[in-house]
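S.K.: I would like to see how this sequence folds:
(one chain, ligands or ions: 2)
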Amino acid sequence: TDRPRVLSGIQPTAGSFHLGNYLGAVRQWVALQETHDAFYMVVDLHAITVPQDPAELRANTRLAAAQLLAAGLDPDRCTLFVQSHVPEHAQLAWVMNCLTGFGEASRMTQFKDKSAKQGADRASVGLFTYPVLQVADILLYQAGEVPVGEDQRQHIELTRDLAERFNGRFGETFTMPKAYILKETAKIYDLQDPMVKMSKSASTPKGLINLLDEPKTTAKKVRSAVTDTDTVIRYDVVEKPGVSNLLTIYSTLTGADIPELEEKYAGKGYGALKTDLAEVMVEFVTPFKERTQQYLDDPETLDSILAKGAEKARAVAAETLSRAYDRVGF
Ligand code: ADP
Ligand code: NA
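M.R.: Ligands and ions are numbered 1, 2, ... in the order given. Coordinates of the predicted model:
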């Protein structure tokens, strides 16, 4: 196709995706498959940069793929695969590791954050070179655009530096990618602590919307979201972070814009907003949960989708790797 190519990945985390993952990333992936030649992967190679239980990793990888399909990724419209099924990722990563300066890798701020959590001495070398694997992920597909959040910008800069270095040293081989910063993307906050980003690791259980929770649990979490002592429903992230977060979620899930919602709830209390949003959430998560379960209950279909995805991905990745190997002198 002549559509611009995009590449993006998501980690196979334990349990379900949360609302931030969906509204902040996966939803855009679904939209991009209509306009782009999109490659999406579950990054299980990245997952083992921190200790993993094999059976859990395998289950979480399948669960992530099932959720991506349930969210609307269509294997006829995009290429969906599991990173470890395409050995070229690890192979190109080695070459890229050998082009990366130790100091350069040391400046990646995510390593500092992530290794601090485990104790710097216990962090694996894999965690240290994680950004270089990400470079290989992107360059293998000659992707022009990489949809990422602001926090990944530094890794895209590294990708550009290494592509330029390789091309300069060995001859034109890799497309220079650009970060496609998801600006319009909603950032979702913890329902109990709206100053903190909703996240698997940092959220309180009641503040985290897991997409595979029982719908009635989700409704309850929404109804007990922290707001403020005022009663006015107005979008104001500084004065009213809790209410603003609820409006963002409502708006993103329904397509209603925020001024429209402010008008709809003028003179009504927070209870009305929460009750309605709880209903919107239930309507979203109920079919999502059902579709995910359908894929999990039919492992043959899921395996066959992922096998076809890996085959499509390898057709591109193997060609790039073979050119790169040849250039390097292999
Ligand atoms: P977590 O922070 O829960 O560990 P990840 O870092 O694995 O989630 O994020 C996976 C994707 O979901 C990324 O593209 C990230 O930008 C997006 N994302 C995660 N949390 C949020 C959030 N609270 N709001 C918007 N997007 C988010
Ligand atoms: Na990502």
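
S.K.: Okay, helices next: where are they in the stretch 51-200 of the chain?
M.R.: For the stretch 51-200 of the chain, helices defined by DSSP state H, counting those that start in this stretch occupy the ranges 54-71, 88-99, 102-106, 109-118, 125-140, 153-170.

S.K.: and the residue of the chain found nearest ligand 1, how many neighbours?
M.R.: Relative to ligand 1, the nearest point of the chain is residue 24 (1.8 Å; C-beta to the nearest ligand atom). In this view, the C-beta of every residue, glycine as well, is placed from N, C-alpha and C. Number of residues near residue 24 (other C-beta atoms under 10 Å) recorded here: 19.

S.K.: A helix includes it, no?
M.R.: Yes - per DSSP: H, G, I helix; E, B strand; the rest coil, residue 24 lies within a helix segment.

S.K.: quick one: contacts for it?
M.R.: 149, 182, 185-188 (C-beta atoms under 8 Å, 6 or more residues apart in numbering).

S.K.: wouldn't residue 14 be in contact with residue 56 here?
M.R.: Yes - in this structure, residue 14 is within contact of residue 56 by C-beta atoms under 8 Å, at 6.6 Å.

S.K.: So which residues of the stretch 201-330 of the chain form helices?
M.R.: So, for the stretch 201-330 of the chain - with DSSP H, counting those that start in this stretch - the helices run 215-223, 241-254, 258-264, 270-297, 299-328.

S.K.: With respect to burial, which of those scores highest?
M.R.: The highest average neighbour count among those, using mean count of other C-beta atoms under 10 Å, belongs to helix 241-254 at a mean of 21.

S.K.: which other residues reach that helix?
M.R.: Contacts for helix 241-254 (C-beta under 8 Å, 6+ apart): 19, 23, 27, 186-189, 191, 194-195, 222, 225-228, 233-237, 256-258, 261-262, 270, 273-274, 276-277, 280-281, 284.

S.K.: how many other residues sit next to residue 149?
M.R.: Residue 149, neighbours per other C-beta under 10 Å, totals 15.

S.K.: Pretty sure it sits against residue 186.
M.R.: No - applying C-beta under 8 Å as the test, residue 149 and residue 186 come out as separate, 11.1 Å apart.

S.K.: Can you tell me which residues in this structure are near ligand 1?
M.R.: 10-11, 18, 20-21, 24-25, 149, 187-188, 197-201 (C-beta under 6 Å from any ligand atom).

S.K.: Where does confidence bottom out across those residues?
M.R.: Among the residues of the chain next to ligand 1, residue 149 carries the lowest pLDDT, at 73.

S.K.: gap between that residue and residue 243?
M.R.: From residue 149 across to residue 243, the span is 24 Å (C-beta to C-beta, to the nearest Å).
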